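Asks: quick one: sequence and predicted model below, then my questions.
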Amino acid sequence: MNDTTPHLFCFGLGYSATWLARELASQGWRISGTHRPGDHGDTEFATLPFDRATPLEHFDDVFADVTHVLISVPPDQAGCPVLDVHGDDLARHAGHVQWLGYLSTVGVYGDTGGKPVVETSRLLPTQERSRFRGLAETRWQNLAVRARLALHVFRLAGIYGPGRSPLDKVRLGTAQRVAKPGHLFSRIHVADIARVLRASMAKPNAGVVYNVCDNDPAAPAEVIEYACKLLGAPVPDEIPFEEAVKTMSPMAQTFWADNRLVMNDKIKDELGVKLDYPDYKSGLQAVLAVEGM
């Protein structure tokens, strides 16, 4: 390995980060990151334990040749664990970190009653976890300005892909078709998240924010119906939202609290991204091709 080998360090090698890491590893990148203390870690990549109570040991040695950093560890009530524990350490390495990506959520926009939101729209989150994200974004942006960190913020829509899609609920027999007229959800295939992140790495623009979603916001009932048809399963009858909400968990209810139309023009216009799965139909077809029936 030579000194020019790019090195991505992922704080939190979860679903989306691992997908990106595998793609970059296949191109010769060095990959490392963190796992939760108590877990066995990732057998595919070199990982170290990390959480708020478990700082990375020998940080300067670990980050000596890191060129790119991805943060997918979610914030909590106290703030962003990565920033709180290692923000100053990252600032110290700003000179050779060419790109730092922070994964946020479109939930930071809150409820617009179905009206469009772009990256410059006001952040008015209604859910606690989205408020945590919005605060974390601001704190990272403040640190980036002070330390000249090449920060890029990605506000992700609902993530799906192999092993994590409406097809799972259909197979389990737990799929419901909840009807709430005018309420649309944005989503993004995990492969397209990786595509956007790679495009940003190739064309860094410190301080930028991107919405990451596909071109086809759709009602969940419509998506479930298509998933059923792909699997040859019976299509459940629609249940009015007013009835369905009575048996929803508090967490499930929060997903229906906000209605907004997320615009994704920026990833296409500035990064030149052409989504592999621009709508849920092409995305679910791809998931099924990987998983089989």
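Replies: Yep, that arrived.

Asks: which residues are in contact with stretch 234-242?
Replies: 175-180, 183, 221, 224-225, 228-229, 256 (C-beta atoms under 8 Å, 6 or more residues apart in numbering). The way it works is simple: take the backbone N, C-alpha and C, and place the C-beta from them, glycine included.

Asks: so which residue is dead centre in the protein?
Replies: The chain has L156 as the residue nearest its centroid, 4.6 Å off, counting by C-alpha atoms, centre = their mean.

Asks: show me the beta-bridge partners of I188.
Replies: Counting by DSSP bridges, I188 forms beta bridges with I159.

Asks: low-confidence ranges in the protein?
Replies: Flagging of the chain using pLDDT under 70 yields the residue ranges 1-3, 41-43.

Asks: quick one, helices of this structure?
Replies: Taking DSSP state H as the criterion, the chain carries its helices at 15-25, 59-62, 81-92, 128-147, 166-172, 190-202, 220-231, 241-244, 250-255, 265-269, 280-291.

Asks: for the ones you listed, which one sits closest to K115?
Replies: Nearest of those to K115, taken as C-beta to C-beta: helix 265-269 at 15.6 Å.

Asks: ok, and for that closest one, which residues are buried?
Replies: For helix 265-269, the buried set under the neighbour-count rule, 16 or more other C-beta atoms under 10 Å, comprises 266-267.

Asks: do stretch 110-127 as well
Replies: 110, 112, 117, 119, 121, 123, 125, 127.

Asks: surely the first one touches R260?
Replies: Yes. Assessed by C-beta atoms under 8 Å, G110 is found in contact with R260 at 7.5 Å.

Asks: list the beta-bridge partners for the spatially closest residue to G33 that is not a sequence neighbour.
Replies: Spatially, and ignoring its direct neighbours in sequence, G33 is nearest to C10 (3.5 Å; C-beta to C-beta, 6 or more residues apart in numbering). With DSSP bridges as the criterion, the beta-bridge partners of C10 are G33, L70.

Asks: so C10 makes contact with S72?
Replies: Yes. Proximity of C10 to S72 meets the contact threshold set by C-beta under 8 Å, at 6.8 Å.

Asks: between those two, who's got more neighbours?
Replies: C10 (26 against 23; other C-beta atoms under 10 Å).

Asks: and the more buried one, what does it touch?
Replies: For C10, the set of contacting residues under the criterion of C-beta under 8 Å, 6+ apart consists of 17-18, 20-21, 31-34, 69-72.
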